Structures are given as C-alpha cells and as structure tokens.
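*Asks:* Got a predicted structure here, sequence first:
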Amino acid sequence: MSSADSRPGAAERRVLLADYTTMRVGGPARMVTAGTSDELIDAVRDADRSGEPVLLIGGGSNLVIADAGFDGTVVRIASEGTETIADGADVVLDVRAGEPWDALVARTVEEGLSGIECLSGIPGLVGATPIQNVGAYGAETADVLESVEVFDREAQRVRILSAADCGFGYRSSIFKHAHRYLVLGVRLRLAADGRSAPVRYAELARTLGVQAGDRVPVADARAAVLHLRRSKGMVLDADDPDTWSAGSFFTNPIVAPQAVPEGAPAYDAPDGLVKTSAAWLIEHAGYGKGYGNERAALSSKHTLALTNRGGASADDLVALAREIRDGVYGKYAIELQPEPLLIGCAL
C-alpha cells in the first residue's frame, strides 16, 4: 500500500502503518521520511504551521496504532550519524535520532566502551531512548545520557537540554506525554575501559556467574543480555511471532508496600514505595504464557509481551490488553499501565 518513493525527504502519499511497527498493526496514513535533522525540523514545522496533527515514527517498536490509521502527517525519522569525542578516560558520542539503537550498542561493545551493553537487543532508534528512558537489566538511558538536542516547537529553535532538564523517571521523561520537544540527537558518555557497568540485575548476574556489583567484559554482558532477551522473545525475529510485539506491554507497578500481594517480588522505589512485577501479577491473575487466541495472545515465552500471532488488528490487541488489565485489577486492586504509546486507541 506504500508508494514506491520512500527516499529521505520525499513525501509518500499513502502507507499502511502496520508495515512500520513491530506489532504489525496500524491503518493508513500520509508519511514523510526525514533523512537529516533539518528535514525532520522542516517536516514537523510545516505540519505545525498547517495545524495538522503529527505522528513521529522511528523503529515503531513502542507504538500501537489504531486500525483506522492516523489522520495527519506521519514523519518517519531516518537521520543517521555518530560523532565520537575522546574526553579523558571517557568517550562522548553525539548520535542522531535515526541511528538504530542496537547497532549503536554493538558498535560500542566492539570498541570496548562501557555503559549501554545491558541495553542490547532493544529495537528502535536512538531518538526514542530518552523519551521512554529506555531501560533493561538494571540499566537505563539516564545512566549515560549527558544531554538531548531538541527542536522546541513552541520557541521555534534548536535547544540543548541537560539530563537534569529531562525529568527522567521509571520509563518516563518530559518528552513522553508532551509534544513540545522534537528529539534530534543525544549525547552519551561512556567509559573506555572495556569492562561493563556494575551488574545490578540478579538474573543477569546468575547468567554471567558473577555477584551483583561485579564488572565483566562488555562483550560478555552483551552476549548474556541477548541470550536472556531471546529466551523471552524480546529480540525481533521475522520468523517468530513471539517477537511480533511492542516488547513489555505493561510497566512494573510502583505501589505502597502494603499493596504488594503476598509472594510477589518487591523492590525499593523512591518515596517509600516499592516496585512489583507486572509479569507476576498477570500470571497469578490467571493469564499464563500463550493466553489469548490465534490472532492476539501473550507470548509463549513471556507474559509481559502481547503478540500479534498473524492477522491481529489493533482492536484485537487492545481488547486482550484491557482484559488482562481488568483481571489484574479485579484480583489485586493494582492497575497496570501500558508502556507503549497508544495512537487512536485506548484501554
């Protein structure tokens, strides 16, 4: 359904957004592909001036888009480029928003740089990482991010926001639910000693055969993370429907200690709260791996992933997510929150 012309900067009259999302859902839309930061600014500015809604798409790994599509301009981010700057014992990377994230991680590991090795195997583009404060296995973007280059759609100028300006929290930032800032690139500070950041995640430590807090070669950390993610269907594979998902569909709830069900995991969180496991709540509420139907179901490898088994609509997946959310709330009075952005649909 997409037009033949998909060159950076060229307008595509019509596309099917299901072709641009890892969950493989989403209806028709008009798309512009921006191959540079300037093209990205121009595309968004033009839409803003015309009063047209804008949807930004990178790797499409954190989106659930309605079957009706998007009535506005879809801007596909394809701006690539990385500049490396030596800074004492560290290396600073200035990376454009359209760089594929895992390719960047692989490159840093090959070069013996430390700081993002535990974020291996995460799909999507660099520009999405500060928006979600992407994290996994005890690491998150905020650990290494120095600043974000943005286009301020209100002030109509390019700005540099420090990490302190970004309002980072658990899978959140000032960018996630506001549209003022268009991410153009990020600056990351990585160590250059070839050793991983201290291993914080118990499952990863067990896989590596080390104690929590130990450091290992960055290549070992990446290999272990990729092994764990593949075992859970969290590494994209065109031949494996268990990976046709938006990754973890629900965030781990942060609640008062007394709200955590007996037997559920509990980890310290700010302000006297605790973080518990969404996967545990889902499983113990009666929704096991593979729950669903032939179109939309939980992954057979991990209960946090809602998967398109082939031919599912956005409505199918949202209905399954709603059933699981309501079932968990009915049993534990804890409301699960979706991690992906829902475009034109809602739980």
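*Replies:* Thanks, I have the structure now.
*Asks:* Next secondary structure element downstream of the longest helix along the chain?
*Replies:* Ranked by number of residues, the top helix in the chain under DSSP state H is helix 314-332. The helix or strand immediately downstream of helix 314-332 is strand 341-343, counting by DSSP states H and E.
*Asks:* Name the nearest residue to residue 194, sequence neighbours excluded.
*Replies:* Closest residue in space to residue 194, ignoring its immediate chain neighbours: residue 112 at 3.8 Å, by Cβ to Cβ, 6 or more residues apart in numbering. For glycine as for every other residue, the C-beta is placed from the backbone atoms N, C-alpha and C.
*Asks:* How many neighbouring residues does the one you found have?
*Replies:* Other residues near residue 112 number 16, with proximity taken as other Cβ atoms under 10 Å.
*Asks:* Would you state the strands of the stretch 51-200 of the chain in chain order?
*Replies:* 54-57, 63-65, 73-77, 82-87, 90-96, 135-136, 139-140, 145-152, 157-162, 181-191 (DSSP state E, counting those that start in this stretch).
*Asks:* Could I get those strands in CSV, plus columns for distance to residue 257, mean neighbour count and mean pLDDT?
*Replies:* Formatted as CSV, these follow (distance: least, Cβ to Cβ, whole Å; neighbours: other Cβ atoms under 10 Å; pLDDT from 0 to 100):
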stretch, distance to residue 257, mean neighbour count, mean pLDDT
strand 54-57, 38, 22, 96
strand 63-65, 32, 25, 97
strand 73-77, 41, 24, 96
strand 82-87, 42, 12, 93
strand 90-96, 38, 20, 97
strand 135-136, 22, 18, 95
strand 139-140, 23, 23, 96
strand 145-152, 30, 21, 98
strand 157-162, 33, 13, 98
strand 181-191, 35, 22, 98
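*Asks:* Now do the contacts for the residue sitting furthest away from the middle of the chain.
*Replies:* No residue in the chain sits farther from the centre than residue 88, which is 31.0 Å out by Cα atoms, centre = their mean. Not one residue lies near residue 88 by Cβ atoms under 8 Å, 6 or more residues apart in numbering.
*Asks:* now do the one 3 residues further on
*Replies:* Residues in contact with residue 91 (Cβ under 8 Å, 6+ apart) are 84-85, 111, 113, 189-192.
*Asks:* The same query, at a cut-off of 10 Å, please.
*Replies:* Contacts for residue 91 (Cβ atoms under 10 Å, 6 or more residues apart in numbering) come out as 84-85, 108, 111-115, 188-192.
*Asks:* Equivalent analysis for residue 221, please.
*Replies:* For residue 221, the contact set (Cβ under 10 Å, 6+ apart) comprises 109, 114, 117-118, 120, 137, 139, 195-197, 199, 204, 207-208, 210, 215.
*Asks:* quick one: the helix or strand hosting it to strand 181-191, angle?
*Replies:* Per DSSP H and E, residue 221 falls inside helix 218-231. Helix 218-231 runs at 130 degrees relative to strand 181-191, counting by axes from the mean of the first three to the mean of the last three Cα atoms, to 10 degrees.
*Asks:* what helices or strands is whichever helix or strand comes after helix 218-231 leaning on?
*Replies:* Per DSSP H and E, helix 218-231 leads on to strand 254-255 as the next helix or strand towards the C-terminus. Under the contact criterion of 3 or more Cβ pairs under 10 Å, 6 or more residues apart in numbering; DSSP states H and E, strand 254-255 touches strand 274-275.
*Asks:* and the strand it packs on, what does it pack onto?
*Replies:* strand 254-255, strand 267-268.
*Asks:* which one of the ones you listed has the lowest average pLDDT?
*Replies:* Sorting these by mean pLDDT places strand 267-268 lowest, at a mean of 92.
*Asks:* by contact count, what packs against that one?
*Replies:* strand 274-275.
*Asks:* Spit out the contact partners of residue 54.
*Replies:* Counting by Cβ under 10 Å, 6+ apart, residue 54 makes contact with 32, 43-48, 70, 72-75, 153, 179, 182.
*Asks:* Repeat the analysis, applying 6 Å as the threshold.
*Replies:* For residue 54, the contact set (Cβ atoms under 6 Å, 6 or more residues apart in numbering) comprises 44, 47, 73.
*Asks:* ok, residue 296 touching residue 317?
*Replies:* Yes: under the criterion of Cβ atoms under 6 Å, residue 296 makes contact with residue 317 at 4.9 Å.
*Asks:* Where do the helices of the stretch 1-150 of the chain begin and end?
*Replies:* Assigned by DSSP state H, counting those that start in this stretch, the stretch 1-150 of the chain shows helices spanning 37-50, 101-110, 129-132.
*Asks:* Of those, which is nearest residue 61?
*Replies:* helix 101-110 (9.1 Å; Cβ to Cβ).
*Asks:* And the contacts of that closest one?
*Replies:* Identification of contacts with helix 101-110 by Cβ under 6 Å, 6+ apart yields 116-117, 119-120, 122, 124-126, 218-219, 222.
*Asks:* again, but for stretch 142-151
*Replies:* With Cβ under 6 Å, 6+ apart as the criterion, stretch 142-151 contacts 41, 115, 130, 133, 158-163, 168, 181-189.
*Asks:* pLDDT weak spots in the chain?
*Replies:* Within the chain, the segments meeting pLDDT under 70 span 1-13.
*Asks:* Could you break it into its assigned domains?
*Replies:* Here the domain parsing of the chain from automatic domain parsing is 11-77, 82-231, 241-343.
*Asks:* No further queries at this time; thank you.
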